[in-house]
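Engineer: generate coordinates for the sequence data below:
(2 chains)
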Amino acid sequence: MSQPELSNHPLHFAAAFGAGGLLSLMVLFNGTLAAYGSLFFASWVPHLTGTFAAILFLLVLRPKRAQIARPPLWVYLGGVSGAVTVMLTSATMNSALALSGTIALGLAGQMAFSLLADIRGLFGLPQRMPVRRDFVALGLIIAGSLILIFFGSST
Amino acid sequence: MIWFATLAILAGVLVSLSRQINGRLALSTSAMESSFWNHLVGLVFITCVALAVGGLFAGTPAAAPWWAYLGGIVGVVFIAAGSWLIARIGAAQTALLIIAGQMISGVVLDIIMGAPGNLWARALGVALILAGMWVAQGRKV
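Structural biologist: Below you'll find the model as predicted:
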């Protein structure tokens, strides 16, 4: 299977950083929905509108399929993993962990598994060995994030 | 407590897992098609669980402001971006930069919405994150 080259192009950095901004908006929108409706509803609505939005995007952009060969069926299950995430976090948010503890531990789990995936090249994605510089960046960004999560707001 | 902590960590693992699987699908199709399947399969799954458990339309969802319903449109772009990036800058780098963007934009949103907060903690947190991004950018491929 052909794979894109790993890069450190500034455009990719900017895109990932911008995606984080989109995530903030999603948390704001979906969190507001959850304040009025059930937690299921707050996850069900964005999946429903997102499905239609994706169809529109596909019709307008008509992206080329990268490969003619059908991928294995398990690659279609990413959405299940994402939906379970919502259910887990809504359970832990209402425990003693609260929102800040849920976010902080979630960051830990996400980074640990991402590093493992890179080191092993899991799921057919390119292998990428972390170097010392990556761990310095990781330490700085996670430290800054923890300060914001636990001390940045009074809520 | 340990039980809930484990669930919170597992939630983070699943975020990463979901992005990897979607990223693999994008390698065979396209980032937007991957985002489409992510939303459709997630929708079917949530619908089944909500039908089994009940209470999907509990509360007063109709009273929510109209803009709260826009999360899905943003989400489609977000999932497509993650699926596209993970094969190009790696899972850890993608996760780390998304976290950086989420944290800093969260501070900006808080300030815009007038949420109270500690100015020094916010400044220090943002400074550390920007420093981390600068370090990450200096990496050789």
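Engineer: surely residue B:11 meets residue A:93?
Structural biologist: No - contact between residue B:11 and residue A:93 fails when scored by Cβ atoms under 8 Å: they sit 9.9 Å apart. From N, CA and C alone the C-beta is placed, and that goes for glycine too.
Engineer: quick check: neighbours shared by these two?
Structural biologist: Each of residue A:102 lies in contact with both residue B:11 and residue A:93 under the rule Cβ atoms under 8 Å, 6 or more residues apart in numbering or on different chains.
Engineer: give me the more crowded residue out of the two.
Structural biologist: When residue B:11 and residue A:93 are compared on other Cβ atoms under 10 Å in any protein chain shown, the one with more neighbours turns out to be residue B:11, at 25 against 19.
Engineer: which residues does the more buried one contact?
Structural biologist: Contact partners of residue B:11, counting by Cβ under 8 Å, 6+ apart, are A:85, A:88, A:89, A:92, A:102, A:105, A:106, A:109.
Engineer: let me see the contact set for residue A:97.
Structural biologist: Per Cβ under 8 Å, 6+ apart, neighbours of residue A:97: A:105, B:1, B:4, B:5, B:8.
Engineer: ok, now which ones touch the closest residue to the first one other than its chain neighbours?
Structural biologist: For residue A:105, the nearest residue in space outside its immediate sequence neighbours is residue B:8; the separation is 3.7 Å by Cβ to Cβ, 6 or more residues apart in numbering or on different chains. Neighbouring residues of residue B:8 by Cβ under 8 Å, 6+ apart: A:88, A:89, A:92, A:97, A:101, A:102, A:105, A:106, A:109.
Engineer: about what we covered before: which one (most neighbours) among the contacts of residue A:97?
Structural biologist: With neighbours taken as other Cβ under 10 Å, the top of these is residue B:8, carrying 25 neighbours.
Engineer: can you tell me the element it falls in?
Structural biologist: Assignment of secondary structure by DSSP states H and E places residue B:8 within helix B:2-28.
Engineer: report the buried residues of that helix.
Structural biologist: Of the residues in helix B:2-28, those scored as buried under the neighbour-count criterion (16 or more other Cβ atoms under 10 Å in any protein chain shown) are B:4-5, B:7-28.
Engineer: in what helix or strand does whatever residue of chain A ends up closest to chain B lie?
Structural biologist: As assessed by Cβ to the nearest Cβ, chain B sits closest to residue A:20 within chain A, at 2.1 Å. Secondary structure from DSSP H and E places residue A:20 in helix A:10-36.
Engineer: quick one: average confidence on that helix?
Structural biologist: Mean per-residue pLDDT for helix A:10-36: 92.
Engineer: which strands or helices does it pack on?
Structural biologist: When contacts are defined as 3 or more Cβ pairs under 8 Å, 6 or more residues apart in numbering or on different chains; DSSP states H and E, helix A:10-36 sits against helix A:39-61, helix B:71-89, helix B:91-112, helix B:119-137.
Engineer: need the pLDDT of residue A:6.
Structural biologist: With respect to pLDDT, residue A:6 has a value of 78.
Engineer: one more: residue B:113?
Structural biologist: Model confidence at residue B:113 (pLDDT) stands at 84.
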